[in-house]
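Peer 1: just need the structure, nothing else, for what follows:
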Amino acid sequence: MKLATILISTALLVQSASGQDPFEKGKLALAMHDTATALAQFKDAVKAGRKPAESNYYLGVISLARGRVDEAIGFLKASVERDNDVVQALKALGDALLQKRDFAGALTNYRRAVKLAPKDVSIAAGYGMTLLAADSIDAAIVQLTRAKEFKPDEPSIYAELGDAYLKQNVLVLAISNYQKSIELNPKDIGVHLKLARVLYRNKQYNEAVKEYEAITGIDSSFAEAYLEKGRIYVLAKQFPNAIPPLQKLVLLQPRSVDGTALLARAFFGAERFPEAATAAKNALNFDSSNAEVWRVEAHSLAKERDWNGSQVGFAALIRRKAMKPDDWGLYGAALAGVGREDEAIAALTEAIKADSTNCDVYFPLGFIYMKRQDYARASGMFERKISCDPRSLSAYVNAAACYMQLKNWTRCRELLVKSVELKSDFMQGRLWLGRYFAQVDSLDRAVEQYDEVLRLINSNVDKYKKEAGEAHMQKGQLFFIDGKYERAIDSFRKAVSVGTESASLHLMWGQALLLLLDPKGDAGENKRKKDEATQHFRRVIQTDPNLPQGHLWLGQALVQSRVEGDNEGNKRLQEEACAEYAKVLRLDPRNEDAKKARERIGCK
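Peer 2: Below you'll find the predicted structure:
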């Protein structure tokens, strides 16, 4: 019994106190909230034989209120032995024995109390709570239901009924009683917490989240509510929703192992990989044995292409024998990223052994074989990727590139056509289709593909500079091959305007200018073309000093730049041309064109 209740009831009973009567003095002291004096007076009353049953009762409830349960039990037993019809003494003894988990003793006293006062709500509720604690669930429900009928607005009774139905695994009734308890007492965090947990068990996840939100609305520092709310969102794979409550939890409890681990998973699921890696490192500082957190760190760093950093996490998983098929696949990609290709192949092969349906493994394995120019194996890997992921556009293009090297033109074309059928604006597919047509001498159809790429890019050149540059460059090469030199030069100029330059581009550009020279044409225009061609060949040499063709064509341009009558200038041009031919022969001693050119202009 609460001490305040004792004081109130005692105050009502006390009308006067005899100066010589310790029992009356005790009641008066209780009324004045002087429990120390009351305790001493009631002890004197017991010694004097003055109302021993009632005196022991008061001694018991005072001791119980002070938390001295064993002392309280002694006094209350003495009271009941004197008079077992004192209902409040029976109830108080039941309460005390319940605290000591002496369920049999508590039930004995409650049964007697219920018989004496069948309509006393507090006794019925206490009896029900004791039955519940003793796992006599059905009997507990009977008593708590009786108590509810006597006092339907008491929230604690509904909470206890909720506990009883929860023990019976009757989740619907547990939920309804917890909800009723909260309706009567909306600020009871304990019942909100119970309701949230049973809602989660009943797979009512949204409703559970609302209860955790209600808890944090009552007490914004209640860390457990943030943890459980975040956990629900992580399990539901609603990772962006999980992040705010878990961040709040970590702010409240920076050393929460579960909180930091869940936050790492939430960041990873939301594809916020740098934050996921940081959260995982923090979690590992508290508990380095958590394989799942090592996995998050390794995968996050790998996703950010921090291949070296990811090795630490994968090594930890290997030591713990905790590698999964997905881990082997990404580990293989990480090994490939740092150039450890043999180990990468072994890891990726292990991933396939563990789970041949893991589609993500075949692409990096194919890429390694492609890099090693093992096009047959590479194409096989890309084909397997296509089989399990028919919409992997990059797999179509890479497989086609391999078949182009293997001269399997039929399959190459099939894959490229399929890629642009899947996505009509797939620029890489159209660029490769253009290369395919160029290889099989369908120059006009190749140009059509490059024109389609440029049409798709339209005004978004800044976004697609690389693609636009390649389209212009390839068109220029095709026009050059087809002898359409002016159109080739126009395409090369457009390629350079979007930032695409190469030694081969400038070489063909210079050659096209020389091939457009007209012996009967305007001398000034011819000189302009020769000078421009010379600049392009110099650019070739700047880009690739070891390209024999660059030096050869620079020599040719210098020779053609000689002007009749300018002996001094022509001598300088001839000397420089001879030097360029000499460089060609140093790089390619068997180059017949350079040898003949030297003889023709009389190089020493």
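Peer 1: ok, the nearest residue to Gln428 once chain neighbours are set aside to Ile62 distance?
Peer 2: Nearest residue to Gln428 in three dimensions, chain neighbours excluded: Val397, at 5.4 Å (C-beta to C-beta, 6 or more residues apart in numbering). Yep, even glycine has a C-beta here, placed from its N, CA and C like the rest. Noted for Val397: a distance of 87 Å to Ile62, by C-beta to C-beta, to the nearest Å.
Peer 1: check Ile232 too.
Peer 2: Distance from Ile232 to Ile62, counting by C-beta to C-beta: 46 Å.
Peer 1: dihedrals phi and psi, Gly49?
Peer 2: Dihedral pair for Gly49: phi 70, psi 20, per degrees, to the nearest 10.
Peer 1: which one's more surrounded, Val397 and Ile62?
Peer 2: Shown here are Val397 and Ile62; by other C-beta atoms under 10 Å, Ile62 has more neighbours (23 against 20).
Peer 1: the more buried one and Asp44, how far apart?
Peer 2: Distance, Ile62 to Asp44, using C-beta to C-beta: 14 Å.
Peer 1: do Ser55 as well
Peer 2: Separation of Ser55 from Asp44 (C-beta to C-beta) stands at 9 Å.
Peer 1: next one: Gln238
Peer 2: 68 Å.
Peer 1: and Ile232, by the same measure?
Peer 2: Ile232 sits 60 Å away from Asp44, going by C-beta to C-beta.
Peer 1: same check on Glu292?
Peer 2: From Glu292 to Asp44 the distance is 66 Å (C-beta to C-beta).
Peer 1: helix/strand/coil for the closest residue to Asp518 other than its chain neighbours?
Peer 2: On the basis of C-beta to C-beta, 6+ apart, the spatially nearest residue to Asp518 that is not a chain neighbour turns out to be Asn526, at 6.6 Å. Following DSSP: H, G, I helix; E, B strand; the rest coil, Asn526 is assigned to helix.
Peer 1: and Asn526, how many neighbours?
Peer 2: Asn526 has 19 nearby residues by other C-beta under 10 Å.
Peer 1: with Val440 instead?
Peer 2: Neighbour count for Val440, taken as other C-beta under 10 Å: 13.
Peer 1: what of the one 4 residues further on?
Peer 2: A count of nearby residues for Asp444, using other C-beta under 10 Å, gives 9.
Peer 1: starting at the chain centroid, how far to the strand or helix carrying it?
Peer 2: Assigned by DSSP states H and E, Asp444 belongs to helix 443-457. Distance of helix 443-457 from the chain centroid (C-alpha atoms, centre = their mean, to the nearest Å) equals 40 Å.
Peer 1: going by neighbour count, list what's buried in the helix or strand where Lys148 lies.
Peer 2: Element membership for Lys148, per DSSP H and E: helix 137-150. Neighbour counts over helix 137-150 (16 or more other C-beta atoms under 10 Å) mark 137, 139-144, 146-148, 150 as buried.
Peer 1: next one: stretch 537-551
Peer 2: Neighbour-count burial for stretch 537-551 flags 537, 539-541, 543-544, 547-551 (criterion: 16+ other C-beta under 10 Å).
Peer 1: swap in stretch 413-425?
Peer 2: Judged by neighbour count (16+ other C-beta under 10 Å), stretch 413-425 contains these buried residues: 413, 415-416, 419-420.
Peer 1: kindly report the same for stretch 178-188.
Peer 2: Buried residues in stretch 178-188, counted by 16+ other C-beta under 10 Å: 178-182, 184-185, 188.
Peer 1: ok, so of the residues you listed, who is nearest Phe314?
Peer 2: Tyr178 (45.9 Å; C-beta to C-beta).
Peer 1: could you check the angle the host helix or strand of the closest one makes with helix 137-150?
Peer 2: Taking DSSP H and E as the criterion, the element that holds Tyr178 is helix 171-184. Angle, helix 171-184 to helix 137-150, by axes from the mean of the first three to the mean of the last three C-alpha atoms, to 10 degrees: 30 degrees.
Peer 1: how about the contacts made by Ser497?
Peer 2: Residues counted as contacts of Ser497 (C-beta atoms under 8 Å, 6 or more residues apart in numbering): none.
Peer 1: wait, the residue nearest to Asp518 touches Leu514, no?
Peer 2: No - in this structure, Asn526 is not within contact of Leu514 by C-beta atoms under 8 Å, at 9.9 Å.
Peer 1: you'd agree Thr500 is up against Glu470?
Peer 2: Yes - using C-beta under 8 Å, Thr500 is in contact with Glu470, at 6.7 Å.
Peer 1: centre of the chain versus the helix or strand harbouring Leu433, how much separation?
Peer 2: Applying DSSP H and E as the criterion places Leu433 in helix 427-439. On the basis of C-alpha atoms, centre = their mean, helix 427-439 sits 37 Å off its chain's mean C-alpha point.
Peer 1: buried residues in it?
Peer 2: For helix 427-439, a neighbour-count test (16+ other C-beta under 10 Å) marks 427-438 as buried.
Peer 1: wait, doesn't Glu196 sit right on Ala208?
Peer 2: Just to correct that, residue 196 is Ala rather than Glu. Yes - here Ala196 reaches Ala208: they are 4.8 Å apart, a contact under C-beta under 8 Å.
Peer 1: helices of the stretch 151-300 of the chain, start to end?
Peer 2: For the stretch 151-300 of the chain, the helices defined by DSSP state H, counting those that start in this stretch occupy 155-167, 171-184, 189-201, 205-218, 223-235, 239-252, 257-269, 273-286, 291-303.
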